[in-house]
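Engineer: Give me coordinates for this.
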Amino acid sequence: MEGTVFTPSLEGMKHVKSGSGVILTKPFLEVCKHILPVLEKFGSAMSIVKSDIGGNITRLEMKYASDPSKFEELHSMVKLEVSAKTAKSSSSCTNGLLWLTRAMDFLVALFHNLVKHPEWQMSQACSDAYAKTLKKWHVWLASSSFSVAIKLAPERKKFMEIISGSGDINADIEKFCATFSPLLAENHKFLASVGMDDLKAS
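Structural biologist: Down below sits the predicted model:
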């Protein structure tokens, strides 16, 4: 493997913003898609998160494909739903973007933990990241399912070896977290501005 598993997403992040600094739909979703192979390396421990992310990417991609020029900017589909009063629907693109962003928050926190706390076991890195990000938005059932899944996480050293490839994995993770976090924060800020950043799982 040329570089690390993060190489494609790091390359993709260079194209997420337009010349005027707006987040573009297709490049943003491509970056999220590039994270899916990283999740595959976790095995069944991340299957819930992976299917959730995949489903939300597909939902947003379908909306984008329906009118690429109209939905070129990521937040445009949310604005449309907010004005049509359909944003709070569980099948809305607003809901899809919110949960996609939250899942990415979790992954950024998890990868950050793997670099900053080399002494932590994988389960501790996962649990801490979950507590900081997704947990407050999940109902009890989702939360307990996640706790069970974390127990299936691979051994940390083995996982890091698998994702390293031929590159510097710690440097790539740090770069990924530093570059992706501001984009996710921008999504949250926008969603909060239209009153959609605090929806809980139904």
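
Engineer: Helices of the protein, residue ranges please.
Structural biologist: 7-12, 25-40, 47-66, 76-84, 93-116, 122-132, 140-150, 156-164, 169-193 (DSSP state H).

Engineer: Please name every helix or strand in contact with the last one.
Structural biologist: It refers to helix 169-193. Under the contact definition 3 or more CB pairs under 8 Å, 6 or more residues apart in numbering; DSSP states H and E, helix 169-193 sits against helix 7-12, helix 93-116. In short, each C-beta sits where N, CA and C put it, glycine included.

Engineer: These: which one's closest to Ser18?
Structural biologist: helix 7-12 (14.5 Å; CB to CB).

Engineer: Counting neighbours, which bits of that closest one end up buried?
Structural biologist: For helix 7-12, the neighbour count (16 or more other CB atoms under 10 Å) marks Thr7, Pro8, Ser9, Leu10, Gly12 as buried.

Engineer: just stretch 120-131 next, same as before
Structural biologist: Met122, Ser123, Ala125, Cys126, Ser127, Asp128, Ala129, Tyr130.

Engineer: Need the residues that contact the lowest-mean-pLDDT helix or strand in the chain.
Structural biologist: One helix or strand of the chain scores below all others by mean pLDDT, DSSP states H and E: helix 140-150, with a mean of 73. The set of residues external to helix 140-150 that reach it, using CB atoms under 8 Å, 6 or more residues apart in numbering, is 44-48, 123, 126-127, 130, 134-135, 138, 201.

Engineer: what's the most distant pair in those residues?
Structural biologist: Taking CB to CB as the measure, the contacts of helix 140-150 span a maximum distance of 22.5 Å, between Ser123 and Ala201.

Engineer: Please report how far the residue nearest to the spatial centre of the chain lies from Asp168.
Structural biologist: Of all residues in the chain, the one closest to the mean position by CA atoms, centre = their mean is Met104, 2.0 Å from it. With the distance defined as CB to CB, to the nearest Å, Met104 ends up 22 Å from Asp168.

Engineer: Perfect, I'm done here.
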